[in-house]
Each structure stands twice: as structure tokens, then as C-alpha cells.
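[1] Need the 3D shape of this:
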Amino acid sequence: MRYDLTPFYRSTVGFDRFFSLLDQAAADGSPGYPPYNIERTGENTYRISVAVSGFSQGELSIVAKENTLTIKGEKSANENGNKSEVLYRGIAARAFERAFQLADFVVVKNASLENGLLHVDLVREIPEAKKPRSIPISTSAQAPQVVDGSKAAA
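    Numbers count the residues shown, from 1 in each chain. The predicted structure is shown next:
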């Protein structure tokens, strides 16, 4: 059952963190699955590595829309086709959806699956118009003249 706490956000001050924690606790799915790393591989390059052992390339999807990167994994109902009985399931085979908020001008360059890790390479490409530029200071203006308080100068 899901409760809508939106009216409380408007009428309370200082309890927004409390209501956010309640929303997170009531959310479906485990926030720690699957585990992931975010690495900085260069000045403007990043890599997100998600542990997706047991998932094939066809069972994973990556969608970049606006400033959100969403990685989804859905297992097939019966992957092997054999009718064996699992006595202990230690390898997670549940579906997941993990969303990452991307900063402005960050684009996905590449995605690869190797050794049970899904690597998504990101690059921050700032347009020339948005980059800081240096403004030269000119010295051609005349220095201000000092006015002497004597009447002889007037």
C-alpha cells in the first residue's frame, strides 16, 4: 500500500527529511541492488559500473532521456529450459531498475558488458559558448588627473 504524503510537505517546516525517509522506506525494491561504482576516469570522463552477474546482454537495457540514465534488467522466466528444483538461491535473479541523474552536458559514449559488470562510459562535453573565457584588460585609457587645490592651477 502506498501513502501520498504530499499534503504534509506543504504544511510542515523542517520535517521534509523525515517525509523523504518515509517515502524511501515505502518504496518498492531494494535500494542497494544491484551494487554499482561511479568512477572518474579523466578530467571530463566518468564510468558507471553495475554488477549484473547472471544477466545476459539481451536481458539488460540502457535508456538515456533528458538528464536521466536508466538501467533495467529483467530475467527470463525459465532461462535454461530444464525443470530442476533450486534448493538454495544465493544468486539474485530478480528484475531491477536503477536510475542515475546526469549533470548538464553529460552524454553516454559507450556501454559494455564484461565479466558480469556493465560499464557505462560518460563524457561531459561543454559547448564553447558555455566555457569560461578570459577577457583581456586594456591599458590605453588615460590615467585620471589629480586636481590641485591651489587657485593658480585654476
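
[2] For the rest of this, base every contact and every neighbour count on C-alpha atoms.
    Will do.

[3] Could you list the low-pLDDT ranges of this structure?
    1-31, 77-82, 92, 141-146, 149-154 (pLDDT under 70).

[4] Walking through it, point out its helices one by one.
    6-11, 16-26 (DSSP state H).

[5] which residues in this structure form strands?
    Remark: strands assigned in the chain by DSSP state E are 36-40, 45-51, 60-65, 68-73, 96-101, 106-114, 117-124.

[6] Domain parsing of this structure, as residue ranges.
    1-28, 32-78+86-127 (automatic domain parsing).

[7] Out of the ones you listed, flag the one nearest Asp148.
    Of all these, it is domain 32-78+86-127 that lies closest to Asp148, at 52.8 Å by Cα to Cα.

[8] Between its first and last residues, how far does that closest one reach?
    Criterion Cα to Cα, to the nearest Å; first-to-last residue distance in domain 32-78+86-127 is 35 Å.

[9] I'd like the numbering to begin with 30 instead of 1 from here.
    Got it, first residue is 30 now, which makes that one domain 61-107+115-156.

[10] Gly71 and Val137: what is the separation?
    Distance of Gly71 to Val137, given as Cα to Cα: 15 Å.

[11] er, Glu114 I mean
    To Val137, Glu114 is 41 Å away according to Cα to Cα.

[12] So if I had to pick from those two, which one is more boxed in?
    Using other Cα atoms under 10 Å as the criterion, Glu114 and Val137 rank with Val137 on top: 18 against 6.

[13] what bridges to the closest residue to the more buried one other than its chain neighbours?
    Spatially, and ignoring its direct neighbours in sequence, Val137 is nearest to Leu151 (4.6 Å; Cα to Cα, 6 or more residues apart in numbering). Per DSSP bridges, the residues bridged to Leu151 are Tyr75, Val137.
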